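A.B. asks: Pasting the sequence and the predicted coordinates here, then a few questions.
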Amino acid sequence: MIDRRELVLGSLVAAMCCLIAAGCRGEKLPAVEAPGGGGVQEEMSEAAAIKLGPSDAPVKLVAFYPLNESHQFIADYLKEYAEARPEQVSLEVIDFRTPAGQKRWMGTGLGCAGVFVNGSTQHEIERDGETETVNFIKRMGVFWTREDFETVVSKLLEEAEPKSGESAQEEKPEA
């Protein structure tokens, strides 16, 4: 008969194997190096492997992934998505294997890869009349889908558009 400790240990081992296979492959990150005299702004721009779109875009995407063969498709998808919406979406893709990228990633609280959409990886969507929480962490296609992502971004863009009559009312001074 299997005792309780063996069952718990076996479950933990199985869970770890699933996580490794699904996205976080336990890749060794390089040690963080002290900046060589560059300012914070310079360090931040060094961290971004891809940077697109205006800083005042209504939707801001910041993705943290190792830009290697098994994750490049995610960065490519996000880049294509942002390029198709040049005035609406800004994108930064950070390779967290670089010293500057690792430093930025460490400040996010992520334990693995992820995409921040307007400052959060977690969003609510409506699916089949039910509210569901999606979290854009780890691997696209396993933990979250393109459809989830596009639903969230579309909703945020829709919310950012001025409602009819709003801009006209704001411009009129009261007498």
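C.D. replies: Sure, I can see it.
A.B. asks: I'd like the distance between residue 115 and residue 130.
C.D. replies: 23 Å (CB to CB, to the nearest Å). Backbone N, C-alpha and C define where each C-beta goes, glycine included.
A.B. asks: And the two? Which one has more around it.
C.D. replies: residue 115 (24 against 7; other CB atoms under 10 Å).
A.B. asks: does that one really touch residue 134, like I thought?
C.D. replies: No: if you go by CB atoms under 8 Å, residue 115 and residue 134 don't touch, sitting 10.7 Å apart.
A.B. asks: Relative to residue 116, how far out is residue 152?
C.D. replies: From residue 152 to residue 116 the distance is 11 Å (CB to CB).
A.B. asks: neighbour count winner among the two?
C.D. replies: Legend: neighbour count by other CB under 10 Å for residue 152 and residue 116, higher for residue 152 (22 against 18).
A.B. asks: check which helix or strand covers the more buried one.
C.D. replies: helix 146-160 (DSSP states H and E).
A.B. asks: average model confidence for that helix?
C.D. replies: For helix 146-160, the mean pLDDT works out to 95.
A.B. asks: contact partners of that helix?
C.D. replies: Helix 146-160 is contacted from outside by 58-59, 61, 77, 81, 85, 88-89, 115, 117-118, 123, 125, 134, 136, 140, using CB atoms under 8 Å, 6 or more residues apart in numbering.
A.B. asks: same question, stretch 105-113
C.D. replies: The contact list for stretch 105-113 (CB under 8 Å, 6+ apart) reads 23-24, 32, 63-66, 71, 74, 94, 96, 114, 116, 121, 137-139.
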